[in-house]
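K.L.:
Test case, fold it:
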Amino acid sequence: MYRYKKTDLCFLLIIVSLFFLQDRAEAIPAFSKKYSAPCSLCHSSWPRLNRVGFQFKVNGFQLPGGRDGSTAGKSSPLWNLFLDSGDANPPISFRLQGGARLIQPKSDFGGEQSNNAYCCTEATTFGIYAGGTIREDVGYFVSAPLVTENGGSRLEQGYVRIVNIFGNGMIGLDLGTFNTSDFDLVPPNREWFGNPNPAYFGNNSFRGRAQGMPAGFSDTGFRIYGNPAYGIFSYEVAYVTGGRSTNTRFRGKGRALTAMGRVETEHWGLSVRYWDNQSSSLTFQKVGSDVIYGFDGENGATASAADTFTPFPNEDDERTTDIAVNLKYESARWQIEYVFDNNRFDFAGRTNAAGNRYTRDVASRNGMSLDVIYRLNAKMAFGARWGYSNTDSFSETLNGVSNTIPEVKVNKLDVQFEFSPVENARIALLIAIDASESDARKRVSDTNSITGFDTQNKFVLLWDWAI
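P.N.:
Numbering: from 1, shown residues only. As a prediction, this is how the structure comes out:
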């Protein structure tokens, strides 16, 4: 059980007071400010987009059916530069996201349990967002966290968007850095819940985690998409460099190709995405009888050089493929969403400087989730999500000696109650119930050994505020 400190209680009281004592918001995000429209015009359960929000996005950040880029809300600091100004204010928004663990089990080392099984719930970030239109049918968007979990800085998104090529909604083009699955019905980067969905990412143990370089992150490249005549059908094809080149950590050179089709009516929607990524991003390390992997040794293992297999930037020896299916039903009060993701990771094998050789079979993981959200009114919503991830058993071979990695199952139930004192702020209580098997709750200790950790049932206070 987590023990409160006086400073923790004071901090929580301050945060709660900031949210509950406000009657109105003087500042709202840039898009709402530009059109003098409420956030609910484009968002159902913020940050999730509704149909209007999706059409606004594919129309190059112009109102659906409109082409107002050259006339609305402009300021010209230079004679040849035209950017949205939002009634003469800079088109900039800020977003504060974070959380505090109220209850979490202790670790098996006797100290406070770090956030192992389901990461990122409490990661506090402060980001800047800017977007709008440069001229008619030419838009732009930039987002970057100013405070990150590891103290680094990176560009999350930054692209130019050209739309309505050959007619309304026919062809759009993005050039730059973007979220690679942002057009899906239930994209990972627009989750209503505050922590990652097991259907996409498993959990944060080395056996239950996402494999390879799956879809659902920011990368650099170009994409062609469309929503012809702004009807029920949308499509997307994208090519990215595949190495998360916007991140400060080494990611190899890689490349990826993805395609998506989406059908959406007033209440129902279905999207299917195919993802094929080749990269050289993972470091494999022998720990005990297991070989674990992570980005730049992020597992904390301190294996010897002879037992470490680092990536070669010019050799894309890892291949990740995904097929993601998203199904959604939405009404004025209800939102029901289903996600299925099949992830396959193939590794060609490596020989390190010591002459040791490591190979492994293709690993396949199936994940799925079911979300149910009920909006009691404009300020309160209640929801639950069941998430499941299953990685099949596979074999790995180190210097001719084979080892079978057992099947790993991740199960989690999230229950969340949310209060929004204003449209651009929310506070939520998340209850996360961990039903994963013990093999899915293993980590590497500071002494370079593998050990299990406690069931990760949690009570978490979350906040999200955009201005």
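
K.L.:
what are the ranges of the helices in the stretch 101-250 of the chain?
P.N.:
198-201 (DSSP state H, counting those that start in this stretch).

K.L.:
er, the stretch 251-400 of the chain I mean
P.N.:
Using DSSP H, counting those that start in this stretch, helices in the stretch 251-400 of the chain do not occur.

K.L.:
Residue ranges in it under the pLDDT threshold?
P.N.:
251-253, 295-303 (pLDDT under 70).

K.L.:
Quick one: neighbours of Gly288, just the number.
P.N.:
Close neighbours of Gly288, defined as other CB atoms under 10 Å, add up to 13. Every residue, glycine included, has its C-beta placed from N, CA and C.

K.L.:
tell me the contacts of it?
P.N.:
Applying CB atoms under 8 Å, 6 or more residues apart in numbering to Gly288 gives the contacts 449-450.

K.L.:
try 6 Å
P.N.:
By CB atoms under 6 Å, 6 or more residues apart in numbering, the residues touching Gly288 are Ile450.

K.L.:
Please tell me how far the residue nearest to Pro188 when sequence neighbours are not counted sits from Val240.
P.N.:
Counting by CB to CB, 6 or more residues apart in numbering, Pro188 lies nearest to Gly216, which is 3.9 Å off, once chain neighbours are set aside. With distances taken as CB to CB, to the nearest Å, Gly216 is found 12 Å from Val240.

K.L.:
what lines up beside the helix or strand where Gly99 lies in the sheet?
P.N.:
Using DSSP states H and E, Gly99 falls within strand 92-103. As defined by DSSP bridges, the strand partners of strand 92-103 come to strand 125-135 (antiparallel), strand 458-466 (antiparallel).

K.L.:
and Gly194, which of the ones you listed is closest to it?
P.N.:
strand 458-466 (4.3 Å; CB to CB).

K.L.:
Tell me where the stretch 101-250 of the chain is predicted with low confidence.
P.N.:
105-123, 147-154, 242-250.

K.L.:
show me the residues around Phe419 that make contact.
P.N.:
For Phe419, the contact set (CB under 6 Å, 6+ apart) comprises 380, 427.

K.L.:
That one pairs with what?
P.N.:
Going by DSSP bridges, Phe419 forms beta bridges with Met380, Ile427.

K.L.:
That one and Asn195: what is the separation?
P.N.:
Taking CB to CB, one finds Phe419 at 18 Å from Asn195.

K.L.:
what does stretch 379-390 contact?
P.N.:
45, 193, 197-199, 202, 366-375, 409-420.

K.L.:
Gly221: neighbour count?
P.N.:
Gly221, neighbours per other CB under 10 Å, totals 21.

K.L.:
So in terms of bridging, what pairs with it?
P.N.:
Going by DSSP bridges, Gly221 forms beta bridges with Gly176, Val240.

K.L.:
separation between it and Asn326?
P.N.:
For Gly221, the distance to Asn326 - CB to CB - is 22 Å.

K.L.:
same thing with Ser402?
P.N.:
Ser402 is 37 Å from Asn326, by CB to CB.

K.L.:
The two: which has the busier surroundings?
P.N.:
Asn326 (23 against 11).

K.L.:
List the contacts of the more buried one.
P.N.:
184-186, 271, 339.

K.L.:
Does Gly127 touch Ser93 like I think?
P.N.:
No - Gly127 lies out of contact with Ser93 (CB atoms under 6 Å); the separation is 8.9 Å.

K.L.:
of these two, who's got more company?
P.N.:
Ser93 (22 against 17).

K.L.:
The more buried one bridge partners, please.
P.N.:
Note on Ser93: beta-bridge partners by DSSP bridges are Tyr129.

K.L.:
separation between it and Ala30?
P.N.:
For Ser93 relative to Ala30 (CB to CB), the value is 5 Å.

K.L.:
Quick check: closest non-adjacent residue to Ala100.
P.N.:
Ala100 sits nearest to Leu461 (CB to CB, 6+ apart), 4.9 Å away.

K.L.:
what's the burial count for that neighbour?
P.N.:
Neighbours around Leu461, by other CB under 10 Å: 19.

K.L.:
Kindly report the same for Ile224.
P.N.:
When counting by other CB under 10 Å, one arrives at 14 neighbours for Ile224.

K.L.:
Alright, I will stop here.
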